[in-house]
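>>> Mind folding the following:
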Amino acid sequence: MNKKLIGFLLGILLALSSMAQDWPSNLLFTDSVYSEQLKTVQLGRKGEKFGDPVIRFQTNETLTLAFDELKPSVSTFQWALVYCNADWSPSDLFPNQFYQGLQDEFINQYQRSFSTRQPYVHYQADIPGKNNQFLLPGNYLLYVYRDGTKSDIVISKRFMVYHPIFSVKPILRRTTQAGMVHYKQAIDLDVNTGPEEVLNPFDQIKIVIRQNSRWDNASTSLKPLYVRDRLLTYQYEGDNVFDGSNEFRRFDIRTTRFKPERVADIGLDSLLIFKLLEDQDRSYLRYSLDQDVNGRCFIGQLDGAQNPDTDADYAWVEFTLNFPDRTAEGDFFVFGELSNWNTHPANKLLYDPLRKRYFGKLLLKQGLYNYLYAFKKNNSSQLETIITEGAHEQTENNYEVFVYYQDLKNPRADRLVGYSKINSLNNSQNRN
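Numbering: from 1, shown residues only. As a prediction, this is how the structure comes out:
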């Protein structure tokens, strides 16, 4: 092979490598906040109060990213995307194969806080950017970085774009597992592949089910039990069974004019301090129906605020869990959207042996919040809520079903071709 041809081929390889997806080595492919200065990070469908980070392919639906930086001056932030496989590992697609438009867009929408004890700047961005579009349905990881330095990551958030080629019919039922009837909820599925002739549904189709926006307990290993023509039936007593858990606890810190719901006392240091009423262990209590928003939070302020994005203040919220017996097997965490659905040192509870209670505090923006107490065993990534919250088959929960398809035309992409959301209280289904 002559030198000119070798040089030509090397040039092509270099050009292709420069076009491939590129991401910082410190990027986590999870919902994460990397800086203590960044707070109240939310990503959801634009215009919806509790919109999920799920939008429909080839429509005008968009996502809104919002967050605060706790300082008075404005910073320079940019966002970029990584296309991911069904298991949230990065794919090997080129950016121009999944996104039309410029990446590394600047976040130019921002407002400074107004008359707050804690100064901050509120940032907002619409995804995709103006005149841009997604070219493939599937899993996307959005990450935000500071000052043009991609390794200076401050946020990573997952979102999904679905193309409803497959129809998805989830059915919630009682489990038949021995001794678990009163504690568990099971999700059965019928998936119709419609116009697609799937040659190997056991390998080409992947099912993911998640409960109340959580990834830590998501079901990811289901295979069809029956295959009849183009109808796949998933009906098991295994990975499709979830703890019913309990209705979320809640508190309201939107006002200081009176003690709002679940607030025992309001104090003031350099910032507001809301001390919550003591929480009891609910593991031994009977189920009681209570309206919640399944772990989400709603930012708001009732003391004359015109714009809660910039008028709501930050405050310390103090938690007390009445759980007298300390366990050395792991730690308790305040858990929900208020913790970004993660466990970090900031939302870990500490045990006081004199008062025989667990205590913790979080810096939160004024609003309405849902939460649970989650237990994480030492050297384990799994979370348990049954220890403090109990588990009940009557609990109202939301379930989302994601159906991924790897066809012969796009063998390098796990396309999201089916999506459905179901509520356990009434078995109602939407967005499919």
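
>>> Which residue ranges of the chain form helices?
With helices called from DSSP state H, the chain shows them at 3-19, 201-204, 308-311, 386-389.

>>> Can you flag the weakest of these by average pLDDT?
Comparing mean pLDDT across these, the weakest is helix 3-19, with a mean of 45.

>>> What is the burial count for residue 218?
Neighbourhood size, residue 218 [other CB atoms under 10 Å]: 14. (Glycine included, C-beta is placed from N, CA and C.)

>>> contacting residues around it?
Neighbour list for residue 218: 208, 209, 210, 211 [criterion: CB atoms under 8 Å, 6 or more residues apart in numbering].

>>> Distance to residue 234, neighbour count and pLDDT added to these, as CSV?
Below are the contacts of residue 218 laid out as CSV (distance: CB to CB, whole Å; neighbours: other CB atoms under 10 Å; pLDDT from 0 to 100):
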residue, distance to residue 234, neighbour count, pLDDT
208, 12, 21, 98
209, 9, 22, 97
210, 15, 18, 97
211, 16, 23, 97
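
>>> Tell me both backbone torsions, phi and psi, for the spatially closest residue to residue 85 that is not a sequence neighbour.
Leaving aside its sequence neighbours, residue 85 sits nearest to residue 414 (CB to CB, 6 or more residues apart in numbering; 4.9 Å). Main-chain torsions, residue 414, degrees, to the nearest 10: phi -90, psi 90.

>>> Residue 414 touches residue 86, doesn't it?
Yes - between residue 414 and residue 86 there is a contact at 4.0 Å, judged by CB atoms under 8 Å.

>>> Looking at those two, which is more packed in?
Using other CB under 10 Å, the more surrounded residue of residue 414 and residue 86 is residue 414, with 25 against 22.

>>> And the pLDDT for the more buried one?
pLDDT, residue 414: 96.

>>> what number of residues lie near residue 201?
The local packing of residue 201 (other CB under 10 Å) involves 15 other residues.

>>> what about it, distance to residue 194?
Separation of residue 201 from residue 194 (CB to CB, to the nearest Å): 13 Å.

>>> Next, the buried residues of the longest strand anywhere in the chain.
Using DSSP state E, we find that the single longest strand of the chain is strand 149-162. Within strand 149-162, the residues that qualify as buried are 150, 153, 154, 155, 156, 157, 158, 159, 160, 161, 162, counting by 16 or more other CB atoms under 10 Å.

>>> neighbours around residue 258, how many?
8.

>>> Kindly apply the preceding question to residue 227 instead.
14.

>>> for residue 335, same thing?
26.

>>> so who does it touch?
Counted by CB under 8 Å, 6+ apart, residue 335 has contacts 295, 341, 343, 347, 371, 372, 373, 374, 383, 385.

>>> Distance of residue 309 relative to residue 368?
Using CB to CB, residue 309 is found at 15 Å from residue 368.

>>> which outside residues touch stretch 100-113?
Under the criterion CB under 8 Å, 6+ apart, residues 65, 68, 72, 74, 76-81, 95, 119-125, 128-129, 131-135, 144, 307, 309-311, 313 lie in contact with stretch 100-113.

>>> ok, of these, which come out buried?
The neighbour count (16+ other CB under 10 Å) marks 65, 68, 77-81, 95, 120-123, 125, 128-129, 134-135, 144, 309-311, 313 as buried among the contacts of stretch 100-113.

>>> Show me these that map onto strands.
Among the buried ones among the contacts of stretch 100-113, the ones falling in strands (DSSP E) are 65, 68, 77-81, 121-123, 125, 134, 144.

>>> which of these sit farthest apart?
The span of those, defined through CB to CB, is set by 121 and 134 at 28.6 Å.

>>> Quick one: end-to-end distance for stretch 121-133.
Distance across stretch 121-133, first residue to last, is 28 Å (CA to CA, to the nearest Å).

>>> Please list the outside residues in contact with it.
For stretch 121-133, the external contacting residues (CB under 8 Å, 6+ apart) are 43, 46, 58, 62-69, 71-75, 77, 79, 99-102, 105, 107, 109-113, 134, 142, 159, 309-310.

>>> where are the low-confidence patches of this protein?
With pLDDT under 70 as the threshold, the chain has low-confidence stretches at 1-20, 427-432.

>>> In the record's domain split, what are the boundaries for it?
Domain segmentation of the chain under automatic domain parsing yields 21-162, 167-244+394-430, 249-389.

>>> ok, now which ones touch the residue nearest the centre of the chain?
Centroid-nearest residue in the chain, with CA atoms, centre = their mean: residue 213, separated by 5.2 Å. For residue 213, the contacting residues are 52, 294, 295, 296, 337, 341, 398, by CB under 8 Å, 6+ apart.

>>> and the second one, what is it in contact with?
With contact taken as CB under 8 Å, 6+ apart, residue 294 is in contact with 212, 213, 248, 370, 396, 397, 398.

>>> what does the fourth one give?
Under the criterion of CB under 8 Å, 6+ apart, the contact list for residue 296 reads 50, 213, 336, 337, 370.

>>> could you measure residue 214 against residue 79, distance?
Separation of residue 214 from residue 79 (CB to CB): 24 Å.

>>> And for residue 330?
35 Å.

>>> same deal with residue 371?
The gap separating residue 371 from residue 79 is 28 Å, by CB to CB.

>>> Then residue 294?
Distance, residue 294 to residue 79, using CB to CB: 27 Å.

>>> hang on, isn't residue 357 packed against residue 319?
No - in this structure, residue 357 is not within contact of residue 319 by CB under 8 Å, at 9.9 Å.
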